[in-house]
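Visitor: Sharing a sequence plus its predicted fold:
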Amino acid sequence: MTEGTERERPRGETGAGHGVGADAPPGGDVLARELQGTLPCARCGYNLRGLSVRAVCPECGTPVRGTILAMVDPFAEELRPIAFPRVIASLVVLWGAGAVAAAAAVWWLRGAELASMIGVDLAVPEWFGAVPAAGVAVSGVGALALIRPHGGIAPVASVAAGVGVAAYIPLAYLMLILHANVDRLSTMPFMGRDEVSEMRTLIRLGIAFFAAITIMGVRPNARLLGSRSLVMRSGRVDRQTMLVMVGALGIASAGDALRLMAVGGLGDLLGTIGLIVIAVGSMLFTLGLAGVMVDVTRVARVIVSPPLGIRQVLYGTGDERSP
Ligand SMILES: [Zn+2]
């Protein structure tokens with residue numbers, strides 16, 4: 001994430017120029033300073049502005065240094081500025097939320113099919129078959145933000161994200177064909193096994209293919225945006241959710257392949273195993289999607305209110321390099 005950016009030494013490491021002077025031990029300069037920027041106490045929220053770095057919070061006694069460690073992102077000043085943070089943050093949320101809505105709608109359709117097997121009619125309206133495709137389309141619009149979320153993006157990452165966004169078009173189209181057209185031909189599109197189901201399986205394989213392209217395409221820039229969050233960069237939360245999702249698509253596709261073989265006459269058992277494998281892959285995929293949604297809200301928050309930098313806290317400045 002830091003490619004192409006200069007890493008400036010924090011003021012004070014040089015020990016020169018201001019503060020307590022040249023004889024001070026390294027870091028003494030910073031420690032002697034009073035905070036000129038706003039810094040809410042990590043424990044009670046009291047504004048520590050004007051206090052020494054060595055002081056404790058007058059409200060709750062928490063050392064100011066503790067708050068700095070907890071609240072200040074050492075790489076905040078290296079983050080590329082985002083020109084339209086609210087637009088980018090909103091699009092990133094759309095990207096995740098659209099995909100979650102699509103997955104939820106598919107689960108609802110399959111749930112309704114299961115319910116119908118035990119004689120419960122959930123009365124899903126006909127238009128609902130278009131909801132998964134609509135969710136995918138919304139996600140694709142949001143993914144536009146991942147082509148070039150800020151300056152300094154590697155061209156190859158922008159191209160990859162562009163391919164990923166383009167793959168949303170066949171993806172949404174196949175989702176529409178599957179859930180709004182093909183599934184209307186059969187009362188039990190997923191559980192049943194006939195010619196319709198064979199066509200359905202082929203479409204599902206296409207959907208998995210294009211979904212994998214969208215995920216892998218936008219992944220580099222999605223991770224780059226994710227690295228703006230201190231929590232995510234430090235590995236305190238797992239960062240491989242998108243790879244897990246691609247793996248889950250692979251598992252579900254293996255299940256589809258089994259079902260294709262079953263249609264070819266290899267028997268019920270194979271078809272049933274295929275169903276189970278698809279269900280496992282779909283659950284894994286949905287779990288991954290839920291993880292992405294959690295990360296997306298985290299990233300959106302960091303985009304709208306960027307992390308505090310040490311300069312900002314010590315000198316009350318953001319971009320300026322001098323106090
Ligand atoms: Zn406090």
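Guide: Received the coordinates, thanks. In this text, all values refer to a predicted model and were calculated from it rather than measured experimentally. Numbers count the residues shown, from 1 in each chain.

Visitor: and the residue in the stretch 201-323 of the chain positioned nearest to the ion, what does it touch?
Guide: Scanning the stretch 201-323 of the chain for the residue nearest the ion gives residue 313, at 15.0 Å (criterion: CB to the ion). The way it works is simple: take the backbone N, C-alpha and C, and place the C-beta from them, glycine included. Shown in contact with residue 313 (CB atoms under 8 Å, 6 or more residues apart in numbering): 35, 37, 38, 39, 68, 71, 72.

Visitor: So how do I select the buried members of those in PyMOL?
Guide: In PyMOL, selecting the buried portion of the contacts of residue 313, with burial taken from 16 or more other CB atoms under 10 Å, looks like this:
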select buried, resi 35+37+39+68+71+72
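
Visitor: Can you list which of the contacts of residue 313 are found in helices?
Guide: Taking DSSP state H, the ones among those that sit in helices are 68, 71.

Visitor: Quick check: of the contacts of residue 313, which lies closest to residue 189?
Guide: Comparing the contacts of residue 313 against residue 189 with CB to CB places residue 71 closest, at 52.3 Å.

Visitor: What distance do you get for that closest one to residue 110?
Guide: The gap separating residue 71 from residue 110 is 45 Å, by CB to CB, to the nearest Å.

Visitor: Provide a list of residue ranges in the stretch 151-300 of the chain with pLDDT below threshold.
Guide: For the stretch 151-300 of the chain, the stretches with pLDDT under 70 are 187, 191-196, 235-239, 263-267.

Visitor: and the longest helix seen in the chain, how far from the chain's centre?
Guide: Criterion DSSP H: the longest helix present in the chain is helix 268-304. Chain-centre distance of helix 268-304: 13 Å, with CA atoms, centre = their mean, to the nearest Å.

Visitor: what about the helix or strand following it, average pLDDT?
Guide: Sequence order places helix 310-315 as the next helix or strand after helix 268-304, per DSSP states H and E. Taken as a whole, helix 310-315 has a mean pLDDT of 84.

Visitor: can you check stretch 129-147 too?
Guide: What stretch 129-147 shows for mean pLDDT is 97.

Visitor: That one: which residues count as buried?
Guide: 129-140, 142-147.

Visitor: for stretch 288-307, same thing?
Guide: Residues of stretch 288-307 classed as buried: 288-289, 291-293, 295-296, 298-300, 302-303, 306-307 (neighbour count, 16+ other CB under 10 Å).

Visitor: Dump those residues into a markdown table; add distance to the ion as well.
Guide: Listed next are those as a markdown table, based on distance: CB to the ion, whole Å:
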| residue | distance to the ion |
| --- | --- |
| 288 | 39 |
| 289 | 39 |
| 291 | 33 |
| 292 | 35 |
| 293 | 33 |
| 295 | 30 |
| 296 | 31 |
| 298 | 25 |
| 299 | 28 |
| 300 | 28 |
| 302 | 23 |
| 303 | 28 |
| 306 | 23 |
| 307 | 20 |
